[in-house]
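# starting from these lines, generate the structure:
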Amino acid sequence: MSAAPAPEVHLNGAAGLTSGGMGFRVGSYTRLDEQHPPSFIKGYLAVLEDVVSPLRVPIYATAIAAGIVAVVAATQALGGEAPTNAVPVTLRLLAAVANDAAVWAQRLAKGVEDNGGIVAAVKAHPQLTAVVLVVLAILRRLMSARGRRARVFLVDFEVTDMHARPGDDKAVYAASKLVGQCSNKRFVQSILASQVFDEGAINFQVKVSERSGLGDDTFLPRCLFLSDEAANEYDRNPSESPEFRPSQSIDKAREEFLHLVVPTCRKLFARYAAQKFPARFVSTTHSGDASGGAPKALDGVPDVPLIGAIVTNCSLFTPTPSLSAMLLNALQLPNGAHVRTYSLGGMGCSAGLIALDLADQLLQAATQRGEVLRVLVVSTENITQNLFYGNERCMLLPNALFRCGAACILLSNEPPTTAAGAAYGAARALLRIAAACTGTAAAGAAHLVSGGSRVTARALLGARSLFLPSRGPSDSALALYELRYAVVRTNLAADDKAYRCVWQGEDGDGNLGIRLEKNLMAAAGKAMSRNITELGPLVLPWSEQIRYLISLVLLWNEKRRRRSQLKKKAAVGEDSATAHAPTKEEKKVAVPDFTTAFRHFCIHCGGRGVLDEVEKQLKLSEGTMAASRLTLKSFGNTSSSSVWYSLACHESGVAASGPSGDGRGIRRGDVIWQLGFGSGFKANSAVWVARRDVRRLHSAWSEVAQQ
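Numbers count the residues shown, from 1 in each chain. The predicted structure is shown next:
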């Protein structure tokens with residue numbers, strides 16, 4: 001290697017990026033340390049700037065240079081037995097390499113200008129050619145890693161079981177006292193006994209109940225329908241039975257949320273802890289419950305995981321304090337003071353997937369910071385305060401469709417526990433601690449590379465989120481599913497008609513309710529079309545995309561030929577209105593076969609009409625839609641949690657599951673599509689990949705399985 005001095009190079013594109021007390025800034029270098037000036041930085045950055053400037057990555061060059069400085073300084077700070085001249089020797093070596101690389105870069109640039117000196121420059125400096133190629137490979141790796149999504153794992157989930165069984169714990173038993181099964185007949189008796197509806201409104205609700213697709217086993221708050229004794233009294237003498245007054249207070253609404261969600265969360269946490277420490281837990285089984293109850297600790301091991309964030313969504317019930325704060329207070333998490341809480345409201349039935357998108361972004365950001373984060377997502381809807389007592393028909397539809405339900409989902413970004421990962425985590429933790437404890441500029445650069453802000457060593461040592469080995473298997477090893485892509489979201493709020501098709505407001509008498517307009521299905525179809533247009537290229541195999549493209553071309557050609565024929569007929573004197581009327585052939589739209597991309601479909605159970613329209617538009621089979629239809633029949637429209645009840649149905653195998661309709665449960669590698677619709681108007685999609693075979697009977701589906 002030649003020892004030529006580094007050429008004078010003026011750097012652009014990263015000016016102003018400082019690095020602590022060493023006193024240098026990229027773009028305006030100031031020398032403060034006369035004994036060991038960091039002159040190699042200029043040459044090193046010059047090479048990267050000259051060679052890789054077409055790639056526009058000066059910031060990556062700065063990061064690599066800062067990383068070299070940080071590693072050297074951390075080695076000196078942490079390695080007490082290292083030779084005293086280790087750092088100067090390393091600096092001189094890097095300076096020599098950078099200087100020679102700068103000379104090579106100049107010769108390479110001159111060779112490009114002379115149209116013939118590139119090969120000579122490479123032959124004259126083969127070692128430096130290798131060095132530059134390695135740097136380019138590192139930069140390419142950095143750029144690809146920057147655009148690559150961090151892995152998000154669905155560790156486990158649980159849907160609320162509202163069936164009362166002998167042996168239930170107190171919390172589940174209390175929930176069964178607040179929420180109960182309401183058959184269609186009991187629902188009709190309750191609206192008759194309330195004496196607030198006119199005859200037209202009663203007949204309309206009866207007709208909708210019969211055609212909605214809901215069975216007799218759906219659940220409502222007991223304060224909204226007649227008890228068994230009151231129903232029997234009403235049957236014996238309807239004219240003399242007392243008027244039924246439902247209780248819709250905010251306290252009842254809070255009780256509904258807590259008694260549905262808290263037992264479900266505790267059951268989820270207990271199952272997670274039992275998988276984390278299997279030798280310390282024993283399984284308990286309810287009488288007549290094939291699924292088994294929540295595992296219980298044998299020796300007092302805490303059965304609550306460290307949750308870093310809670311995201312709740314409920315469209316129509318947004319009290320103060322928020323639902324996430326209410327849940328945090330009820331769960332009494334051990335690290336509750338450090339839990340970040342988020343509450344989403346007013347986003348309709350697709351809010352569950354929007355909450356999932358928010359959790360995904362939190363996990364992506366945590367991974368970039370080098371943190372392990374667990375996020376609890378809770379999806380539910382409150383029925384207590386949102387049953388409509390008026391006579392406007394478009395506002396009576398939700399009465400016959402919406403029912404109680406909730407789902408709790410545990411997400412994590414904890415990577416697999418390997419020897420290399422543990423070593424990397426320990427080294428990263430030490431580097432961050434050194435950055436906080438040392439006041440040198442090199443430590444500041446190390447802190448910049450580690451991705452954290454300036455914090456004290458005490459905060460770093462006390463943090464639970466560093467990449468350090470944890471007891472038991474990692475969350476990725478326990479995970480059932482992995483999120484393949486970011487949640488695909490479509491929003492039609494800019495369209496006035498779509499924006500107002502689901503609208504909360506008051507009728508002429510001041511009764512508050514949800515108005516469902518006639519153009520709801522049209523808005524849902526438009527939103528779904530745009531959503532799958534964005535989703536299709538991500539999930540469909542190339543063979544299906546090519547087939548779909550060919551079908552589009554053929555269909556366009558057929559429509560063009562048809563229009564040409566109609567114009568000729570109109571030209572010879574036929575009625576123009578008849579000649580240009582759209583035909584069934586012209587209305588035909590090419591649809592890709594999504595069964596080639598997905599094995600299981602979890603469609604939002606908004607009603608029988610919604611499922612029929614999705615099945616028709618996507619040309620799906622009855623077996624593909626069986627789980628969603630059974631969910632609608634057994635639980636009704638549970639709003640944002642319905643896609644999770646459908647997934648639990650697939651896992652339980654109680655319905656024909658998948659395109660083949662074999663009811664086999666979920667196997668490793670199967671791809672699951674969750675599609676939700678909501679007010680606004682919105683359509684959202686989430687795609688999961690199964691990491692293992694999943695065939696378990698959820699307690700919420702055990703009654704259906706027995707039937």
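
# how about the helices in the stretch 251-400 of the chain?
Along the stretch 251-400 of the chain, the segments classed as helices by DSSP state H, counting those that start in this stretch run 323-331, 351-368, 397-401.

# out of those helices, nearest to L258?
Nearest of the helices of the stretch 251-400 of the chain to L258, taken as Cβ to Cβ: helix 323-331 at 5.8 Å. Every C-beta, even on glycine, is put in place using the N, C-alpha and C of the backbone.

# can you list the buried residues in that closest one?
323-328, 330-331 (16 or more other Cβ atoms under 10 Å).

# what does stretch 223-232 give?
Across stretch 223-232, burial judged by 16+ other Cβ under 10 Å covers 223-226, 230-231.

# can you classify D156 as helix, strand or coil?
Put simply, D156 is strand when judged by DSSP: H, G, I helix; E, B strand; the rest coil.

# residue contacts, it?
D156 is in contact with 268, 271-272, 275, 410, 478, 480, counting by Cβ atoms under 8 Å, 6 or more residues apart in numbering.

# same thing but at 7 Å, please
By Cβ atoms under 7 Å, 6 or more residues apart in numbering, the contact list for D156 reads 268, 271-272, 410, 480.

# distance check, the residue nearest to F204 when sequence neighbours are not counted against F225.
Distances taken as Cβ to Cβ, 6 or more residues apart in numbering put R393 closest to F204, at 5.3 Å, once the chain neighbours are dropped. As judged by Cβ to Cβ, to the nearest Å, R393 and F225 stand 21 Å apart.

# and for R148?
Separation of R148 from F225 (Cβ to Cβ) stands at 52 Å.

# which stretches of the stretch 101-250 of the chain form strands?
Here the stretch 101-250 of the chain has its strands, by DSSP state E, counting those that start in this stretch, at 153-159, 179-181, 219-221.

# these: which one's closest to H600?
Nearest of the strands of the stretch 101-250 of the chain to H600, taken as Cβ to Cβ: strand 153-159 at 13.8 Å.

# just the CA coordinates of that closest one, formatted as CSV?
Provided in CSV are the C-alpha atoms of strand 153-159 (Å, rounded to 0.1, in the frame of the first residue of the first chain):
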residue,chain,number,x,y,z
PHE,A,153,-45.1,-12.3,15.8
LEU,A,154,-48.6,-13.1,17.0
VAL,A,155,-47.7,-15.0,20.2
ASP,A,156,-51.3,-15.9,21.1
PHE,A,157,-54.8,-14.6,21.1
GLU,A,158,-58.1,-15.3,22.9
VAL,A,159,-61.7,-14.5,22.1
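
# so which bits of it are buried?
Residues of strand 153-159 classed as buried: 153-159 (neighbour count, 16+ other Cβ under 10 Å).

# direction included, what does that strand pair against?
When sheet partners are counted by DSSP bridges, strand 153-159 sits next to strand 406-412 (antiparallel), strand 481-483 (antiparallel).

# where does the prediction get shaky in the stretch 551-700 of the chain?
Residues of the stretch 551-700 of the chain meeting the criterion pLDDT under 70: 573-590, 656-663.

# now do the stretch 51-200 of the chain
For the stretch 51-200 of the chain, residues meeting the criterion pLDDT under 70 lie at 51-147, 164-176.

# redo that, cut-off 50
Scanning the stretch 51-200 of the chain for pLDDT under 50 picks out 51-64, 66-67, 69-87, 89-90, 93, 112-113, 115, 144-146.

# V694 pairs with what?
V694 has the following beta-bridge partners by DSSP bridges: I666.

# that one against I666, yeah?
Yes - using Cβ atoms under 7 Å, V694 is in contact with I666, at 4.3 Å.

# of the two, give the one with the bigger neighbour count.
Using other Cβ atoms under 10 Å as the criterion, V694 and I666 rank with I666 on top: 26 against 18.
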